[in-house]
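Asks: Fold the following, please.
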Amino acid sequence: MNRDANTEKNVATALYRQLLYLRRVEEAIADRYAGQKMRCPVHLSIGQEAVAVGVCSRLRKDDHVMSGHRSHAHYLAKGGSLQAMLSEIHGKADGCCGGKGGSMHLVDIGAGFLGAVPIVASTLPIATGAALASQMKGEDRVTVVFFGEGATEEGVFHESLHFASLKKLPIVFVCENNLYSVYSPMYVRQPSNRDIAGLGAAHGVESFSADGNDVCAVSELAGAAVEKARVSGGPLFLEFKTYRWREHCGPNYDNDIGYRPEEEFLAWKERCPLKKMETRLRESGLWDGAWAELLENELSAEIEKAFAHAEAAPVPAPDKLFGPLFAE
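Replies: This next block holds a predicted model:
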């Protein structure tokens, strides 16, 4: 195998590994959630992992990422600690926020993950400010902010894009359009002729769309956007259409309540990001069944170890309850 073929295989298998990693972590959270050892709400990204993996595969460790309430995939794809995340979800002292933030407040400055905040669209202006700070300091750094299509209905979305465009900030806005805001489909929230990517263009921001369930397509588009933002400044706006499999908040399936048709769910499930990548590897002659089995065993052991640690870790001491909550 020549060098280019080796590179192609390494990149492709790394993307597959990361997709599988995120899927198995969140499936484990879903499977264990009923045990009530995790007492915070959880918003799972099962079915839409390709956006997090594809975008973060093109980032450096010192680049910045921010997210919203559905943040596990972004946090882990950016290099956040699984052990610290699970401890946080279990409310333990060695969680990434000391056990006081829970699933929707993940932070890992060392990995470049500046934080997640559950208020819809609230991290957009914060990320814009982080990009402004990088520009003012002359840093060779890109900021990426992930959000759902529901965030485009908030005022700070437009204010952030307007300011980023005006100042030519090194930021990439990434919209994960999973078609639903809680139980509300797009057609009851936005005009039928509205183009999400067009909202970015209206603010003078270069905007693009791609299949959010194709990790290679995501990675390719994100790579070009991140490089442009880094070299010549941004901003750029990327929309990826995708689909969550589980309920808006929680570990279960909720198709029985009728807000989305079962046929739609099954059609999107056939477009599973993991299945798409496995098919690509098989068609390219890069699939190795023995490697895949070893990978499953490796990830299972890693996840089991992290859960065992989180369940055994101590809760925060009472005298630590109110600190550190504010910057000095």
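Asks: contacts and neighbour counts: CA atoms only from here.
Replies: OK.
Asks: mind listing the helices in the stretch 1-150 of the chain by residue range?
Replies: Per DSSP state H, counting those that start in this stretch, the stretch 1-150 of the chain carries helices over the ranges 3-32, 49-56, 72-77, 82-89, 123-137.
Asks: Check what contacts the last one and list those residues.
Replies: Which is helix 123-137. If you take Cα atoms under 8 Å, 6 or more residues apart in numbering as the criterion, helix 123-137 is touched by 65-68, 116-117, 140-145, 156-157, 159-160, 163-164, 167, 169-171.
Asks: Give the residue spans of this structure that score low on pLDDT.
Replies: Within the chain, the stretches with pLDDT under 70 are 1-3, 5.
Asks: coming back round to it: export the helices of the stretch 1-150 of the chain to TSV and tack on distance to Trp268?
Replies: Below are these laid out as TSV (distance: least, Cα to Cα, whole Å):
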stretch	distance to Trp268
helix 3-32	16
helix 49-56	13
helix 72-77	19
helix 82-89	28
helix 123-137	28
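Asks: any idea which of those helices is most buried?
Replies: When you average the neighbours per residue for each of the helices of the stretch 1-150 of the chain (mean count of other Cα atoms under 10 Å), helix 49-56 leads with a mean of 29.
Asks: which strands and helices sit next to it?
Replies: Packing partners of helix 49-56 (3 or more Cα pairs under 8 Å, 6 or more residues apart in numbering; DSSP states H and E): helix 3-32, helix 72-77, helix 215-232.
Asks: okay if I get the ones you listed as CSV plus distance to Asn193?
Replies: What follows is those, written out as CSV (distance: least, Cα to Cα, whole Å):
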stretch, distance to Asn193
helix 3-32, 33
helix 72-77, 30
helix 215-232, 24
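Asks: Ala308: which of the ones you listed is closest?
Replies: Smallest distance to Ala308 across these (Cα to Cα): 11.8 Å, for helix 3-32.
Asks: Which strands and helices lie in contact with that closest one?
Replies: helix 49-56, helix 72-77, helix 273-283, helix 289-312.
Asks: Which ones among the contacts of helix 123-137 map onto strands?
Replies: Per DSSP state E, strands hold the following members of those: 65-67, 116, 143-145, 171.
Asks: what about the closest residue to Leu169 other than its chain neighbours, how many neighbours?
Replies: If the residues on either side of it in the chain are set aside, Leu169 comes closest to Gly234, at 5.0 Å by Cα to Cα, 6 or more residues apart in numbering. Close neighbours of Gly234, defined as other Cα atoms under 10 Å, add up to 26.
Asks: what's near enough to touch Gly234?
Replies: Residues counted as contacts of Gly234 (Cα under 8 Å, 6+ apart) are 164-165, 168-172, 205, 228.
Asks: how does it look with 7 Å?
Replies: Contact analysis of Gly234 by Cα atoms under 7 Å, 6 or more residues apart in numbering lists 168-171, 228.
Asks: Which single one of those is nearest to Gly91?
Replies: Nearest to Gly91 among the contacts of Gly234: Ile171, at 32.3 Å, using Cα to Cα.
Asks: so what's the closest one bridging to?
Replies: For Ile171, the beta-bridge partners are Thr143 (DSSP bridges).
Asks: Please report how far it lies from Ala225.
Replies: Ile171 sits at a distance of 9 Å from Ala225 (criterion: Cα to Cα, to the nearest Å).
Asks: Find the residues that touch each one of these two.
Replies: Shared contacts of Ile171 and Ala225, counting by Cα under 7 Å, 6+ apart, come down to Leu236.
Asks: Between those two, which is the more surrounded one?
Replies: The neighbour comparison of Ile171 against Ala225 (other Cα under 10 Å) goes to Ile171, with 34 against 26.
Asks: The more buried one against Pro235, yeah?
Replies: Yes. With contact defined as Cα atoms under 7 Å, Ile171 reaches Pro235; the gap is 5.0 Å.
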